[in-house]
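# Provide a 3D model corresponding to the input given below.
(one chain, ligands or ions: 1)
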Amino acid sequence: MTVRDALDAAVAALAAAGCETPRLDAELLIADALGVGRSALVVDPSLPVTGAAARVIGERVRRRVAREPVAYILGRKGFRRLELMVDRRVLIPRPETELLVEVALELPPGSRVHDVGTGSGAVALALIDERPDLVVSASDASACAVEVARANGLSGAFVHRGLPLGDYDMVVGNLPYVREDEWSSLAPEIRLYEPREALVAGADGLDAIRAVVGGAPRGRRLALEHAPGQTEAVKGLLRQPRTLSDLAGRPRVTVGVAWP
Ligand SMILES: C[S@@+](CC[C@H](N)C(=O)[O-])C[C@H]1O[C@@H](n2cnc3c(N)ncnc32)[C@H](O)[C@@H]1O
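From the prediction side, this is the model:
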């Protein structure tokens, strides 16, 4: 079997299973199984695939056909300059969450930042990586998520529901914001594999955000990720709100001040 054969078979199987990006997924799974970069598959499609590698590829394609996300199959996901370990205990970091990092990058030197609902540790770790002068802490309601964040190098991550006490210059949070009634219509990759408690937050999706804002002392600066349709509601929870949009132009992160 050659790389071309393996790719053709995988792309056909993934497309038939309804995967949105069958070629990209097949390339990522096969390149990793062969220990080469994706470009090597294009440069030399006649490369032979050994029996052992073919078995690994077959197993990975079977998992992807069952709509398991590529990041869980490979056990890792890129975020900013980092490669994070991910598994089913944590949400797979999304590109739009980089906006939270960008907001905190604007802080003055030495600022104290807390990442609430850190999950894999993506936001906190990116900040430590890009701004070593910041004093970064992180917490999550899920003990399993904290285990993953620590395994990713965020040794000080701790278990806490809501906003822990502390003197922070800014709190950043990608908390759950999916509405209960949206869950059943989400893609199988999310619904069947990602932790529900990392995504769903009550009837309007704002339970976790409201709890964190409500627990913040007056004057605390917060940057919160949310769904585009929740922008006005989140702005209403904060003083001097300013909303930033993602690359597709959708409002995604609101920055403002708590005013209990
Ligand atoms: C959408 S995930 C985001 C994870 C990570 N920040 C990221 O962007 O990849 C939300 C995280 O918040 C945690 N969480 C949910 N409710 C929480 C709460 N009330 N207080 C603190 N963490 C919470 C979940 O366990 C989950 O890890």
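# in the host helix or strand of residue 146, what counts as buried?
Here residue 146 sits within helix 143-151, counting by DSSP states H and E. In terms of neighbour count (16 or more other CB atoms under 10 Å), helix 143-151 has its buried residues at 144, 145, 146, 147, 148, 149, 151. Bear in mind the C-beta positions are built from the backbone N, C-alpha and C, glycine included.
# between those residues, which sits nearest the ligand?
Distance to the ligand across these (CB to the nearest ligand atom) is lowest for residue 145, with 4.1 Å.
# just checking, the closest one touches residue 120?
Yes. The pair residue 145 / residue 120 is scored as a contact, 7.3 Å apart, by CB atoms under 8 Å.
# now do the shared contacts for the two.
Common neighbours of residue 145 and residue 120, using CB atoms under 8 Å, 6 or more residues apart in numbering, are residue 90.
# the helix holding residue 146 vs the ligand: in contact?
Yes. Applying CB under 6 Å from any ligand atom, one finds helix 143-151 in contact with the ligand at residue 145.
# and that helix, what does it pack against?
On a contact count with 3 or more CB pairs under 8 Å, 6 or more residues apart in numbering; DSSP states H and E, helix 143-151 meets strand 135-140, strand 158-159.
# just so I know, which of these lies nearest residue 89?
strand 135-140 (10.2 Å; CB to CB).
# before we move on, the earlier item: any idea of the mean pLDDT for the helix holding residue 146?
Per-region confidence: helix 143-151 scores 98 on mean pLDDT.
# which other residues reach that helix?
By CB under 8 Å, 6+ apart, helix 143-151 touches 85-87, 89-90, 118-121, 124-125, 138-140, 157-159, 195, 198.
# mind checking which of those residues are buried?
With burial judged by 16+ other CB under 10 Å, the buried subset of the contacts of helix 143-151 is 85-87, 89-90, 118-121, 124-125, 138-140, 157, 195, 198.
# and the helix or strand bottoming out on mean pLDDT in the chain, what does it pack onto?
The weakest-scoring helix or strand in the chain, judged by mean pLDDT, DSSP states H and E, is helix 38-43 (a mean of 92). Applying 3+ CB pairs under 8 Å, 6+ apart, one finds that helix 38-43 contacts helix 22-34.
# from the chain's centre, how far out is the helix it packs on? Work that out for me.
Relative to its chain's centre, helix 22-34 lies at 20 Å (CA atoms, centre = their mean, to the nearest Å).
# any chance you could map the helices in the protein?
Shown for the chain, the helices assigned by DSSP state H span residues 3-16, 22-34, 38-43, 51-65, 70-74, 98-105, 122-130, 143-151, 188-191, 207-214, 231-235.
# close to the ligand: what parts of the stretch 101-250 of the chain are there?
116-120, 122-123, 140-142, 145, 161-162, 174-176, 197-199, 208, 211.
# hmm, 5 Å instead?
Proximity of the stretch 101-250 of the chain to the ligand (CB under 5 Å from any ligand atom) is limited to residues 117, 119, 122, 140-142, 145, 161-162, 174, 176, 198, 208.
# just to revisit the earlier point, let's have the buried residues of helix 143-151 in a markdown table, adding distance to residue 56.
Converted to a markdown table, the buried residues of helix 143-151 look like this (distance: CB to CB, whole Å):
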| residue | distance to residue 56 |
| --- | --- |
| 144 | 27 |
| 145 | 28 |
| 146 | 31 |
| 147 | 26 |
| 148 | 24 |
| 149 | 28 |
| 151 | 23 |
